[in-house]
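Enquirer: only geometry, no sequence info:
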């Protein structure tokens, strides 16, 4: 982006006021955005949306993208991605304005006054922190800011995902080293975030784009192989024949359902381990959409009656939904043309499987495009993240998020608590998921009646018994195997506090050895010691003792003792 003078002149303000007064956008793409939004919400405030575009267009008027296009094309594209998913008016307004506070003289208070606090919260959540102020920690602090913004409004994360999606769509205009860095960050942080939110529509495209930039040769080989196999499948009619047979099987069981063939995205095919021996059925999934959820089990019976199922590939996400609201039955069966994956769900679950949290937001949005329903509780993963993020530095925050956002497993404690944990979690992670006090007192774990080590990798469906001891004292060695940020920060924070307590006691003992324990107690009681601590540049007496105990300050115990003696002379 071109550099921008952030000094707002009177001419600048006149131009901004003119943008506020604009009746509607002249840009055809902006009009298309308004039309798309009205398609979802016929009574939406089109004037407000048009005004947001006019303001954004004015504020970014002198800026260009790396492609040479006007910068406004980016926020407009971000808003369109969200509009096509059916997001509400306030989200689209925030998407149009999401870079204005970061890159122009337009301030957050001014934005809030003009467009409301709801929009201001979302824009603030996706605004990067100052690199000059935070230096190397800027990236981690920006992520922290985004997470805190999500506590106020989950739509912050949706804007961030749409922002990254458009940036990846235009990544070819960035230098090679930036393409790699942005793609790696997307793969390790934002794709897992999209999965956690259940927004698979964005997740799939992000995966394919990152695949193209990070593994270009493998991407091209997979693309050519899939294209060839799909062409052959169409020529032979194998996929269509299987689809017809699937419909017949459902009809025999009198199950009313729609049967769709969904192409698997390229990265999914690549990571499925088919190798060169790929068949047309490996490149698609069959989606059976029933009228009501109970009918899903009837449809499953019809499928298993017609074809032999692979027992290891059956998953019941209706009885045990995924962490991101996803509910469906998954099965893989043997056909004469090879294995076939079938997904069975009702219409609402189909929507959730594509849009995740967006489906819930849409349900709470009226025909006027306003979000009227109270927000639901935070997802478990976000609650856990909010619980420890304030204790972590920028690097630990990024590391913890990369772990916490990967695929999850579900384990059950012997007292019936259901825990959703990242893959490869250990009993230590399970203990801290039950609360810091349980984690601090963790002693051992049992699975199926047998003791397992703290480093044992938990499996999906495990029933685990957490054994605790009377007094807290986590082992620092657990840090080598603990996976969740919650567990790692719990262990680190406990030992940090313990070392501080030890340093405080050591510092106080050093001083007592110089002036005597009795005089020290008197000086503490009179407030004299507090005055000496502040004179030494410490915020309180405890801070002074810690510094003396660690020996990491310019002022030592002799100076403090002399100061006290001087007061009494």
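Expert: On my side now, so go ahead. Since we're looking at a predicted model, the values are computed, not measured.
Enquirer: Quick check: chain neighbours aside, which residue is closest to the residue positioned nearest the centre of the chain?
Expert: Among the residues of the chain, residue 193 comes closest to the average C-alpha position under C-alpha atoms, centre = their mean, at 3.1 Å. Using C-beta to C-beta, 6 or more residues apart in numbering and skipping residues adjacent in sequence, the residue nearest residue 193 is residue 405, 5.7 Å away. C-betas here are computed from N, CA, C, even on glycine.
Enquirer: hmm, back to that, in what helix or strand does the residue nearest to the centre of the chain lie?
Expert: Secondary-structure element containing residue 193, defined by DSSP states H and E: helix 191-197.
Enquirer: After that helix, which helix or strand is next?
Expert: Using DSSP H and E, the next helix or strand after helix 191-197 towards the C-terminus is helix 200-214.
Enquirer: Show residues contacting the following helix or strand past that next one.
Expert: Once helix 200-214 ends, the next helix or strand along the chain (criterion: DSSP H and E) is helix 216-236. Residues outside helix 216-236 that contact it (C-beta atoms under 8 Å, 6 or more residues apart in numbering): 211-212, 239, 263, 266, 269-270, 276, 278-283.
Enquirer: got it, and stretch 293-301?
Expert: Counting by C-beta under 8 Å, 6+ apart, residues outside stretch 293-301 touching it are 250, 253, 255-257, 288, 290, 318, 327-329, 331, 344-346, 349.
Enquirer: which one of the contacts of helix 216-236 sits closest to residue 486?
Expert: The nearest member of the contacts of helix 216-236 to residue 486, counting by C-beta to C-beta, is residue 211 at 30.7 Å.
Enquirer: nearest residue to the closest one other than its sequence neighbours?
Expert: In space, and not counting its chain neighbours, residue 211 is closest to residue 267: 4.4 Å by C-beta to C-beta, 6+ apart.
Enquirer: Residue 418 now?
Expert: With C-beta to C-beta, 6+ apart as the measure, residue 412 is the residue that lies nearest to residue 418, at 5.5 Å, once sequence neighbours are left out.
Enquirer: Ok, residue 488 next?
Expert: Take residue 488 and drop its neighbours on the chain: the residue closest to it by C-beta to C-beta, 6+ apart is residue 482, 5.1 Å away.
Enquirer: Which strand or helix spans that neighbour?
Expert: Assigned by DSSP H and E, residue 482 belongs to neither a helix nor a strand.
Enquirer: For it, give me the backbone phi and psi.
Expert: With angles defined as degrees, to the nearest 10, residue 482 sits at phi -60, psi 140.
Enquirer: Surely it touches residue 429?
Expert: Yes - applying C-beta atoms under 8 Å as the test, residue 482 and residue 429 come out as touching, 5.9 Å apart.
Enquirer: Tell me who's in contact with the residue nearest to residue 193.
Expert: Residue 405 sits next to 189, 192-193, 195-196, 381, 422 when contact means C-beta under 8 Å, 6+ apart.
Enquirer: one step back: ok now the helix or strand the residue nearest to residue 418 falls within, how far from the chain's centre?
Expert: Here residue 412 sits within strand 408-413, counting by DSSP H and E. Shown here is strand 408-413, whose average C-alpha point lies 20 Å from the average C-alpha point of the whole chain (C-alpha atoms, centre = their mean, to the nearest Å).
Enquirer: what helices or strands is the following helix or strand past it leaning on?
Expert: Tracing the chain past strand 408-413, the next element assigned as helix or strand by DSSP H and E is strand 418-422. For strand 418-422, the helices and strands in contact under the criterion 3 or more C-beta pairs under 8 Å, 6 or more residues apart in numbering; DSSP states H and E are strand 408-413, helix 427-433.
Enquirer: about what we covered before: specify which member of the contacts of helix 216-236 is nearest to residue 363.
Expert: Distance to residue 363, by C-beta to C-beta, is smallest for residue 263 among the contacts of helix 216-236, at 27.6 Å.
Enquirer: Show me where the stretch 101-250 of the chain dips below the pLDDT cut-off.
Expert: 129-138, 232-237 (pLDDT under 70).
Enquirer: Ok, the chain next?
Expert: Residues of the chain that meet the cut-off, pLDDT under 70, sit at 1-25, 129-138, 232-237, 274-276, 373-381, 384, 386-394, 404, 406-407, 566-569.
Enquirer: Go through the helices and strands packed on strand 418-422 and name the closest to residue 110.
Expert: Using C-beta to C-beta, the nearest of those to residue 110 is strand 408-413, at 41.2 Å.
Enquirer: what residues are up against residue 563?
Expert: 532, 535-536.
Enquirer: oh sorry, the question was meant for residue 292
Expert: With contact set as C-beta under 8 Å, 6+ apart, residue 292 has these partners: residue 346.
Enquirer: how about the strands of the stretch 201-350 of the chain, start to end?
Expert: Using DSSP state E, counting those that start in this stretch, the strands found in the stretch 201-350 of the chain span residues 257-263, 284-290, 308-309, 315-316, 329-335, 338-346.
Enquirer: can you redo the ones you listed as TSV with mean neighbour count and distance to residue 511?
Expert: Converted to TSV, these look like this (neighbours: other C-beta atoms under 10 Å; distance: least, C-beta to C-beta, whole Å):
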stretch	mean neighbour count	distance to residue 511
strand 257-263	15	72
strand 284-290	21	71
strand 308-309	12	75
strand 315-316	16	64
strand 329-335	18	67
strand 338-346	21	69
